[in-house]
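S.K.: Here is my input, please return the structure:
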Amino acid sequence: MSQTDWKTHGVKVVRAGEMDTNTPQTAGMTRAAAITHARTGANQLWAGTVVVQPEAKTGPHHHGELETVLYVVRGRVRMRWGDSLEFAEEAAPGDFIYVPPYVPHQEINAGDDECECVVVRNGREPIVVNLPMESPEPASAGHSRNEAAGMPFHPKR
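M.R.: A predicted model of the protein is given here:
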């Protein structure tokens with residue numbers, strides 16, 4: 001028979017209404033922590049959500065030595081990355097995004113609705129290093145304004 005108290009040291013469920021926004025933030029998005037060392041005892045990972053409002057883009061940042069995986073739940077996200085954020089790719093619901101350690105990046109809401117992703121990192125500390133760099137993204141990152149200006153922005157899948 002097991003000596004471990006599985007009631008105390010077993011599965012933890014964090015309900016949607018119990019997410020913790022008292023975690024490092026970046027302008028243009030709202031992070032909410034679900035799985036952390038303090039809340040669940042997780043030793044090797046951090047997980048939560050990120051929401052980017054319509055017409056919004058985040059400030060450039062990286063997550064230090066951590067690897068990051070995002071799973072797009074709803075909306076469309078454009079990721080920019082590189083030393084000058086010179087590379088870009090879009091993701092839609094059901095897509096995964098992998099961000100290696102120390103990669104400068106920025107999330108942009110590439111649609112007309114709120115964009116929400118699940119985020120998982122391979123460390124228990126919520127490392128966020130906000131970077132003082134300019135984005136090549138237009139002032140308004142929103143879908144309809146840029147299309148109206150004649151800018152081919154993000155093709156539908």
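
S.K.: CA only for contacts and neighbour counts going forward, please
M.R.: Fine.

S.K.: Spell out the secondary structure type for Gly94.
M.R.: coil (DSSP: H, G, I helix; E, B strand; the rest coil).

S.K.: Once you drop chain neighbours, what's closest to it?
M.R.: Nearest non-adjacent residue to Gly94, counting by Cα to Cα, 6 or more residues apart in numbering: Val72, 5.6 Å away.

S.K.: so what pLDDT did the residue nearest the centre of the chain get?
M.R.: A centroid search over the chain (Cα atoms, centre = their mean) returns Val50, at 4.7 Å, as the residue closest to the centre. On pLDDT, Val50 comes in at 95.

S.K.: my guess is it meets Ala27, correct?
M.R.: No. The pair Val50 and Ala27 does not pass the contact test of Cα atoms under 8 Å, sitting 11.7 Å apart.

S.K.: buried residues in stretch 90-108?
M.R.: Judged by neighbour count using 16 or more other Cα atoms under 10 Å, the buried positions of stretch 90-108 are 90-92, 97, 99, 103-108.

S.K.: Same list, these, but as JSON lines with secondary structure and pLDDT please.
M.R.: Converted to JSON lines, those look like this (DSSP: H, G, I helix; E, B strand; the rest coil; pLDDT from 0 to 100):
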{"residue": "Glu90", "secondary structure": "strand", "pLDDT": "96"}
{"residue": "Ala91", "secondary structure": "strand", "pLDDT": "97"}
{"residue": "Ala92", "secondary structure": "coil", "pLDDT": "97"}
{"residue": "Ile97", "secondary structure": "strand", "pLDDT": "98"}
{"residue": "Val99", "secondary structure": "strand", "pLDDT": "98"}
{"residue": "Val103", "secondary structure": "coil", "pLDDT": "97"}
{"residue": "Pro104", "secondary structure": "coil", "pLDDT": "98"}
{"residue": "His105", "secondary structure": "strand", "pLDDT": "97"}
{"residue": "Gln106", "secondary structure": "strand", "pLDDT": "96"}
{"residue": "Glu107", "secondary structure": "strand", "pLDDT": "95"}
{"residue": "Ile108", "secondary structure": "strand", "pLDDT": "95"}
